[in-house]
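Colleague: Build the 3D model from these lines:
(one chain, ligands or ions: 1)
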Amino acid sequence: MKSFPGFQLAERSKSGFTLIETLTCLVIVIILISIAGAAGVLIQSPSSQARCLNNLRTLTVAWSVYANENDDRLVGAESFQNGRPDWVGPVNRMSISSSVIQNIDPEIHLGGSPLLPYLNLQMNRDNAFQVFRCPADPSIAANKDYNQGRPSPRVRSYSMNAWMGGNNEGSSRFNMILFENRSQFSSLPPSQAMVFAGERADSIDDSALQISMDGYLDSTTLPSPTRIIDYPAFYHGGGAAFSFADGHVARKIWRDPRTIPPFTQERPLAHKVSSHLNPDVLWLQNHATRRF
Ligand SMILES: [Zn+2]
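Modeller: Numbering: from 1, shown residues only. All right, here's what the predicted structure looks like:
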């Protein structure tokens, strides 16, 4: 007696799956799991924050190798000081103005960096230039003499803690250490000593993040209010990425709204702004330097 195929199927479903059907289901489930896994990998691909932190880690390795190769002396945070070259090279000026070609041509702005030879040990020149820019930095500029006038990303988002061999403005006044070689890391241990920092695009004007030590810890001997000179970035969940002299990197989330004024697309932020008892300024000071 003939039966309809559909009826047969119904009959079989009552008695459970055949071995082949069970194996087919298993294969399908395995394929689905692998597709979901691949999607998960894509979702977890490096975020801009992770890439930013990785940039700072890479720069800090180069900073450390530079000291290894130069009798423990540190590269300078800003300008040529006592034989210390500026870490970005001789052309360190940055401007929010779109007309400054130096902000978009990496050869002009980064090509003279004394860290570049050490970055080139790990990667080619173009990839080394990428390490100087935060992927979340929104700033672009255009110049008729570069890239056929097309808007291009500005080349640098990071500055170096000015107390790392930068200019010594204020160090004698406050009896603060200006770090010139690694042997000075003692009262400020390497794990606390800030080296590189994300600086916001409307604040970055040279190669150093200037941190005023006004009002540091003891307001009776340093009666002036705490101030912000250069503004750190806020691109990563309201915080900035930093690296430290032991090579570790971290994000700091800002707590005080005065640390994150509105972004000014075409106008530099005012510097040296009073920000009294701002806990973020105290954090920056605490990782910038120490008294002699
Ligand atoms: Zn960043």
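Colleague: Once you drop chain neighbours, what's closest to the one residue in the stretch 101-250 of the chain that gets nearest to the ion?
Modeller: Residue nearest to the ion within the stretch 101-250 of the chain: residue 134 (3.1 Å; Cβ to the ion). C-betas here are computed from N, CA, C, even on glycine. Spatially, and ignoring its direct neighbours in sequence, residue 134 is nearest to residue 157 (3.8 Å; Cβ to Cβ, 6 or more residues apart in numbering).
Colleague: what residues are up against that neighbour?
Modeller: Neighbouring residues of residue 157 by Cβ atoms under 8 Å, 6 or more residues apart in numbering: 132-134, 137, 139, 198-199, 201, 204, 233.
Colleague: from memory the residue of the stretch 101-250 of the chain closest to the ion sits against residue 47, does it?
Modeller: No. Between residue 134 and residue 47 there is no contact under Cβ atoms under 8 Å: 11.8 Å.
Colleague: circling back: can you tell me which of the contacts of residue 157 is closest to residue 77?
Modeller: Using Cβ to Cβ, residue 199 comes nearest to residue 77 of these, at 11.8 Å.
Colleague: so who does the closest one touch?
Modeller: Listed by Cβ under 8 Å, 6+ apart, the contact set of residue 199 reads 157-159, 209, 230-233, 240.
Colleague: That one bridge partners, please.
Modeller: Using DSSP bridges, the beta-bridge partners of residue 199 come out as residue 232.
Colleague: cool, and the one 10 residues further on?
Modeller: Bridge pairing for residue 209 (DSSP bridges) gives the partners residue 161.
Colleague: are any of the contacts of residue 157 buried, and which?
Modeller: Buried subset of the contacts of residue 157 (neighbour count, 16 or more other Cβ atoms under 10 Å): 132-134, 137, 139, 198-199, 201, 204, 233.
Colleague: Any chance of these in TSV with pLDDT as columns?
Modeller: TSV is the format used below for these (pLDDT from 0 to 100):
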residue	pLDDT
132	98
133	98
134	98
137	95
139	89
198	98
199	97
201	93
204	94
233	98
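Colleague: Please list the members of the residues you listed that lie in helices.
Modeller: With DSSP state H as the criterion, helices contain none of these.
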